[in-house]
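Trainee: Return a 3D structure for these sequence lines:
(chains A, B, C and D)
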Protein chains: 2
Amino acid sequence: MDEVFKALADGSRRSLLDRLHARNGQTLNELCEGLAMTRQAVTKHLVILEEANLVTTIRHGREKLHYLNPVPIHQIGERWIKKFERGKLAALSELKRQLEKRDE
Amino acid sequence: MDEVFKALADGSRRSLLDRLHARNGQTLNELCEGLAMTRQAVTKHLVILEEANLVTTIRHGREKLHYLNPVPIHQIGERWIKKFERGKLAALSELKRQLEKRDE
DNA sequence: ACAATATGCAACTAAATGGTTGCATGTCAA
DNA sequence: TTGACATGCAACCATTTAGTTGCATATTGT
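Mentor: Predicted coordinates for the structure are as follows:
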């Protein structure tokens, strides 16, 4: 889970995920198009995404196809964000209460 | 949004959020208890959480009370994770299909 | 008033991060 | 078979990050 959060912390990596979400199964070179970064920089980002299991790759001849794996993102939602949803209203009203009695 | 992702990337910061989720409105010293970190390190983490608007503080005399703000977490779920939920099954079946025809 | 308590600020350090360049390897197509 | 194309590997660099130590300031209880 920590690897996933770390992988998602970088904007370039999130936009790579966006690109794969828009069109799945792209090659490295396709993913590089229009980016202000060298191919090697993109490679490094993709390795980090792979290690976090957010991207899966398949070699096809000399090409490497990249596929989005949405499962870890889903798990962040289920296992982490949902925890904070419970008690969200309670936290907010407590926060409001404390802010209001600030001037006591 | 980027600040929130960055803030959540660190395990120590996520566990500070956990602590506030367990008990809201703790002082700096309370949040330091039992952690393998100096108070100053915790302060820095809390500053980052505040800048990401994940934590709000209220001074109360010489104490500083920390309150969890669950809104940015909720927004990550709504604005970001949900985007990848749509098309999740499509992505997974495409991924499976590609993995299976690997040996062509 | 003053000692204890709670937090703030600044300088410094080590390691991680995001990026680069240069070269190597593997695959395809004419 | 050979040149072009797609990707891989390694060394290097600058900046950011996570942490430390030391000292300063502000508040409170006796």
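Trainee: Can you name the residues that contact A:L16?
Mentor: A:L31, A:V42, A:H45, A:L46, A:L49, A:V55 (Cβ atoms under 8 Å, 6 or more residues apart in numbering or on different chains). Yep, even glycine has a C-beta here, placed from its N, CA and C like the rest.
Trainee: how near is the residue nearest to A:P70 when sequence neighbours are not counted to DNA strand C?
Mentor: Distances taken as Cβ to Cβ, 6 or more residues apart in numbering or on different chains place B:K88 nearest to A:P70, at 4.3 Å, with adjacent residues excluded. Per Cβ to the nearest atom of the strand, to the nearest Å, B:K88 is found 25 Å from DNA strand C.
Trainee: burial count for B:K88?
Mentor: By the criterion of other Cβ atoms under 10 Å in any protein chain shown, B:K88 has 16 neighbours.
Trainee: now do A:E63
Mentor: 12.
Trainee: try A:T38
Mentor: For A:T38, the count of nearby residues is 10 (other Cβ under 10 Å).
Trainee: Now do the contacts for it.
Mentor: By Cβ under 8 Å, 6+ apart, the contact list for A:T38 is empty.
Trainee: Need phi/psi at it.
Mentor: The phi and psi values for A:T38, taken as degrees, to the nearest 10, are phi -80, psi 160.
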